[in-house]
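**Student:** sequence and predicted structure below; questions after.
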Amino acid sequence: MANTTAGAVRGLSQKFICSKHVLSASPGVGLYSLRTKSMSSKALQYAKLPSLPVPKLNQTLEQYIRTVKPLLTKDEFAVTEQVAKNFGAPGGVGEKLQLMLEEKGAKEPNWLSEWWLDSAYLSYRLPVLVHSNPALVFPKQNFLSKKEHLAYAAKLIVGALRYKAIIDSGKLEQDYLGKSPLDMSQYTKVFNGCRIPGLKTDTIRHALDSNHIIVIHNNQFYKVVVYGENGQILDDRDILNGLTCVTQKYNGPSAGVGFLTTECRNVWGIAHKELNKDPVNRASLQAIEDSIFVMCLDKSSKIEDNATVSTRMALQLLHGYGAENNSGNRWFDKTLQLIVSEDGVNGLCYEHSPTEGPPIANLADFIVNYAQEKTLRDDERHLTPHCERLTFNLTSALDEAVMLAKRNVDQLVQDVQMNSFSFDKFGKEDIKALKLSPDSFIQIAIQMAFIRLHGHPAAHYESASTRRFHGGRTETIRSCLPEIVNFANIHLKQNLSPHEKFKALQSAVNAHKGYVGMAINGQAIDRHLLGLKRLAIEGGIDIPSLFLDPGYSTSNNWRLSTSQVAAVNDMVMCYGPVTPDGYGCCYNPRRDEINFAVSAFNSNPTTCAEKFGEALKKCLEEMRDVATSSILSSL
Ligand code: COA
């Protein structure tokens, strides 16, 4: 995979971002009658936040040298260290770029926003599915009839519309990190948005006002109006009628246009341009792109493998299991796609560029609660919403593009390994009882699992939120820290007492926690280095050797792309690896268990999601044993 940062920024962790959603999902909250307008028509009034800071150059270079060390040989490290020192030398190019960045930082509330959006997302050319879009698996349902399937989908739709109404009314509770209020702007981007493919770079389209969703069924697209004449959100029962109407409307062949959204962005950009030449296609595309969100009504996937139910759920939500299954029953560019399959698999898949995971995870908790609490009214007083099938006229070139997209998506689907499981030996509370940070503990276990399997450490990305700052998104926590590698080596290779091992574990936890502190305070290094590099490129300055040094690329080759996604419900987020020889690893630390989704690529002979999961479980248990034996022996 060419881009090493794009996919690595995904993942959610909304638990610590403690939104106190006092507004219940239950009916009667009274907000659902609000007509949903785009947020640009009703700005949210939240805390005024500080600008994103520019870290000091010497601080960044010190941390860079520290974090690159475990990944390089002695000789390589000596070169990289010298290159970094030269970069930071008085009067050198580093100082010049730093000055330019500080000037930009003094003028703009968030000097990073546009660069990040562009380099992490919009200029990224691989398909968004697997490589960028995360999926969130909701609790499995068991539908006994078609009606139950559609009724559950209707409840998720209404739950999502109610959440949108709360956002639009400005009544969503302020999110906090500790005592710090967080930037809330991402919430305004979840609905009405769509990524539009371009030939070199994509754009984001955000409809100002929209009154319909798109329902996809049998790869056909339907526009379904979800508000009544007075602007009220239609009742679940009415939406159920709309979904029933969709499933009965048409049984003919599909043009398969949804497959185009699975393509590399340049390829899809060309096809999109071609599609737009025809007025019928243009109207259909506009209806999809300007919709509030998408609901995918999936058929049961026919799969022959030995995967567990949770792994299958993750894969179906991530990629739809290929052309014969549900990969064409999608519009992967849409910011929010809810998915409900007739076999009870349900969840969402979202396009990452406008928003980070936490708003999406909060939405998911809200709508799952709503769907589980709500009983459908069973009377005859109901409406059937306006529901219209969207059609496409495909030229032979576009037909061919769809055929090719089907072949390509099948190849990609074949390549993805997933291992989704619940580690049930202990959860977050047990780790807290050991007086250790649960997140740091899990991160150390992930790095140690890699070392255990591969014999050496790996560049390790964890997402940290920078929403304490205006327009803040993420920073990288470099979890491959010397103290973490030291603990793993001591534990795996040396016969030391539990007490000595525990001391090394505590030091690893403290080092990780320290890095988290820097990252969430805008003082870590990866976005800073990106800013300096972008300034050099834009200023026509020769790319400094720091960025051409192999040590730099090694430390950015995120073989471990990880993220905490804490949700209240029994859910887990999943995404693909961001390097061909890497792993994606997302987790939801719950009270008494930890949900994991580990991914890898089949095409790489050295990685295996199954083995990684086993190694991870072992590391978690052994680390807990190290801590408990040491604590017990000191009593
Ligand atoms: N002893 C006892 N308890 C401890 C502890 C210790 N030494 N250290 C931490 N804890 C507690 C915390 O107080 C907290 O308690 P709570 O459950 O009552 O709230 C809990 O353990 C969890 O803390 P911790 O595991 O340290 O992590 P965190 O919740 O602070 O999360 C990050 C760490 C990096 C995940 C978080 O800072 C973050 O940035 N998340 C957002 C990521 C993001 O935006 N992802 C989106 C990318 S798309």
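**Tutor:** Noted; the coordinates are in hand.
**Student:** confidence-wise, which helix or strand of the protein is lowest on average?
**Tutor:** In the chain, no helix or strand scores lower on mean pLDDT, DSSP states H and E than strand 176-177, which sits at a mean of 90.
**Student:** past that strand, which element shows up next along the chain?
**Tutor:** Along the chain past strand 176-177, the next helix or strand (assigned with DSSP states H and E) turns out to be strand 180-181.
**Student:** is the ligand within reach of that following strand?
**Tutor:** No - on the criterion Cβ under 6 Å from any ligand atom, strand 180-181 is out of touch with the ligand, staying 11.2 Å away. C-beta here means a position set from N, CA and C on the backbone, and glycine is covered the same way.
**Student:** before we move on, what about stretch 564-583?
**Tutor:** Yes - counting by Cβ under 6 Å from any ligand atom, the ligand is contacted by stretch 564-583 at Gln564.
**Student:** between the two ends of that stretch, how far is it?
**Tutor:** The first and final residues of stretch 564-583 sit 14 Å from each other (Cα to Cα, to the nearest Å).
**Student:** ditto for stretch 216-224
**Tutor:** Termini of stretch 216-224 sit 10 Å apart (Cα to Cα).
**Student:** and what of stretch 168-187?
**Tutor:** 9 Å.
**Student:** go on, stretch 133-140?
**Tutor:** 21 Å.
**Student:** starting at the chain centroid, how far to that stretch?
**Tutor:** Stretch 133-140 has its C-alpha centroid displaced from the chain centroid by 10 Å (Cα atoms, centre = their mean, to the nearest Å).
**Student:** again with stretch 95-104
**Tutor:** Going by Cα atoms, centre = their mean, where stretch 95-104 is centred and where its chain is centred differ by 31 Å.
**Student:** what comes up buried for it?
**Tutor:** By neighbour count on 16 or more other Cβ atoms under 10 Å, the buried set for stretch 95-104 is 96-98, 100-101, 104.
**Student:** cool, and stretch 61-78?
**Tutor:** 61, 63-72, 76-77.
**Student:** likewise for stretch 47-55?
**Tutor:** 49, 51-52, 54-55.
**Student:** hmm, who's touching that stretch?
**Tutor:** Residues from elsewhere that reach stretch 47-55 (Cβ atoms under 8 Å, 6 or more residues apart in numbering): 98, 101-102, 105, 108-112, 174, 181-183, 466, 468-472, 521-525, 528, 531.
**Student:** tell me the residues on the stretch 251-400 of the chain that lie near the ligand, please.
**Tutor:** 356-358.
**Student:** scratch that, the stretch 501-635 of the chain is what I was asking about
**Tutor:** 516, 520, 563-564.
**Student:** mind checking which of the residues you listed land in helices?
**Tutor:** 516, 520 (DSSP state H).
**Student:** which pair in the residues of the stretch 501-635 of the chain next to the ligand spans the largest distance?
**Tutor:** When Cβ to Cβ is used, the two most widely separated members of those are Ile520 and Ser563, lying 14.0 Å apart.
**Student:** got CSV for the buried residues of stretch 95-104, with distance to Ile451 and pLDDT too?
**Tutor:** Below are the buried residues of stretch 95-104 laid out as CSV (distance: Cβ to Cβ, whole Å; pLDDT from 0 to 100):
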residue, distance to Ile451, pLDDT
Lys96, 39, 97
Leu97, 35, 98
Gln98, 35, 98
Met100, 39, 98
Leu101, 35, 98
Lys104, 39, 98
